[in-house]
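Visitor: for reference, the sequence and a predicted model appear below.
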Amino acid sequence: LRFFRSSRCLFWGQYVGGLTMAEPVVLDWPYEGAQPPPFSEPPVGRAGTLIVPGSNYVLDLHGDLSDAGLVVFSDGNHHMALEMACRAFLRSNPAVRDIFYATAPPGPLIAALDEGGLSIGNMSFAVKPNVFIGPSDVMKRLENSGRVGSARPFAKSRGVVLLVRKGNKRRIKAVDDLLREDVRLACSNPDTEKASFRVYSESLSALLNGAGGDGETLVRHMKGEVGPGRRPRIAHSTSIHHREIPTLLASDAADVAPVYHHLALRYVRIFPDIFEFVPLAGGENAREDFVPGPEHIITTYHAAVLEDEAGEWGKKFVEFMETDEVRSIYKFHGLEPVAAG
């Protein structure tokens, strides 16, 4: 994403630390949008489309901006649940027509909020959200700065797991395996995705310390910090780890990656022949009903209307995110609903 009047530009998939990246695998992501697909044929190769995987291929901007009665900016790691929530809101409020929503890390979306628009490659367009969704600390900063109204919590994460390729050929079973010399790690970027990197690094560090290991060494490894003469075994995403990390693993550029449980659940559901994951907590069914221990950093997601840009539907959408229908959607996708009030 690139932003109006800004030199900041984030390019997908260029930085892989000290690892040599194999030919990238283009994952066949399912269509996502508040409205059903506007086509019956597969988009690649269909007349009138410009989709070329690896170049003209946009996954985290959804909907028809010219027709949308509601615009939402949201952090991206719960995109699969947000899609279903947007569809449910449209079913109850057909007058909205469509919802244009962006699912990306908070930093780029805040920059877009400040700059008044987005650019994708050579295409730029003005857009202002009616609703902003993000984790607690991000929403508190936006609230304190007067850019959004009162932020209301509606869901929270269930901790961190280890995503691996199907078959888990490195036999990765626990956090201490991440420091093995034969294991290549992928992780969200410590500079451009600070929120998710903090969750992953602090959770894994605490888990390793609790098992008698050296959590500080693991954090340095996750940052790509190594001693003289040593080559890092880490691949970082550039800006949108919920898309880039599974591509790095599928492309055999890494063996394992820490991700939110709900992200891993999504990956194994839509790509069952490519991925599996290693739970780092208990529960009767640790893969579906993951019960995190105290070492896991839990992220709480909040929604708020823009102070001067709520529009006709912004407030109603924020209220809708607290309903039982949305709680059920988020629970299905591996997140924990936050009780009203």
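Guide: Received, thanks. Numbering: from 1, shown residues only.

Visitor: if you average pLDDT over the top helix by length along the chain, what comes out?
Guide: The single longest helix within the chain, with elements called by DSSP state H, is helix 194-210. The pLDDT scores in helix 194-210 average 96.

Visitor: ranges for the helices of the stretch 151-300 of the chain?
Guide: Assignment of helices within the stretch 151-300 of the chain using DSSP state H, counting those that start in this stretch yields the ranges 194-210, 215-223, 241-250, 261-270.

Visitor: which neighbouring elements make contact with the last one?
Guide: Packing partners of helix 261-270 (3 or more CB pairs under 8 Å, 6 or more residues apart in numbering; DSSP states H and E): helix 79-92, strand 160-165, strand 275-278. Every residue, glycine included, has its C-beta placed from N, CA and C.

Visitor: list the buried ones in the second one?
Guide: With burial defined by 16 or more other CB atoms under 10 Å, the residues of strand 160-165 counted as buried are 160-165.

Visitor: dump the helices and strands packed on helix 261-270 into a markdown table; add distance to S237 as well.
Guide: Listed next are the helices and strands packed on helix 261-270 as a markdown table, based on distance: least, CB to CB, whole Å:
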| stretch | distance to S237 |
| --- | --- |
| helix 79-92 | 15 |
| strand 160-165 | 13 |
| strand 275-278 | 16 |
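
Visitor: highest average neighbour count across those?
Guide: strand 160-165 (a mean of 24; mean count of other CB atoms under 10 Å).

Visitor: mean confidence for it?
Guide: Averaging pLDDT along strand 160-165 yields 97.

Visitor: ok, it: who's next to it in the sheet?
Guide: Using DSSP bridges, strand 160-165 pairs in its sheet with strand 256-260 (antiparallel), strand 275-278 (antiparallel).

Visitor: centre of the chain versus the longest one, how much separation?
Guide: Looking back up the chat, that one is strand 256-260. On the basis of CA atoms, centre = their mean, to the nearest Å, strand 256-260 sits 12 Å off its chain's mean C-alpha point.

Visitor: what do you get for the last one?
Guide: From the chain centre to the centre of strand 275-278 is a distance of 17 Å (CA atoms, centre = their mean).

Visitor: identify all contacting residues around it.
Guide: Residues outside strand 275-278 that contact it (CB atoms under 8 Å, 6 or more residues apart in numbering) are 161-168, 172-174, 246, 249-250, 256, 259, 261, 264-265, 267-268, 287.

Visitor: distance of the residue nearest the centre of the chain relative to I240?
Guide: In the chain, the residue lying closest to the centroid (CA atoms, centre = their mean) is N77, at 2.3 Å. Noted for N77: a distance of 10 Å to I240, by CB to CB, to the nearest Å.
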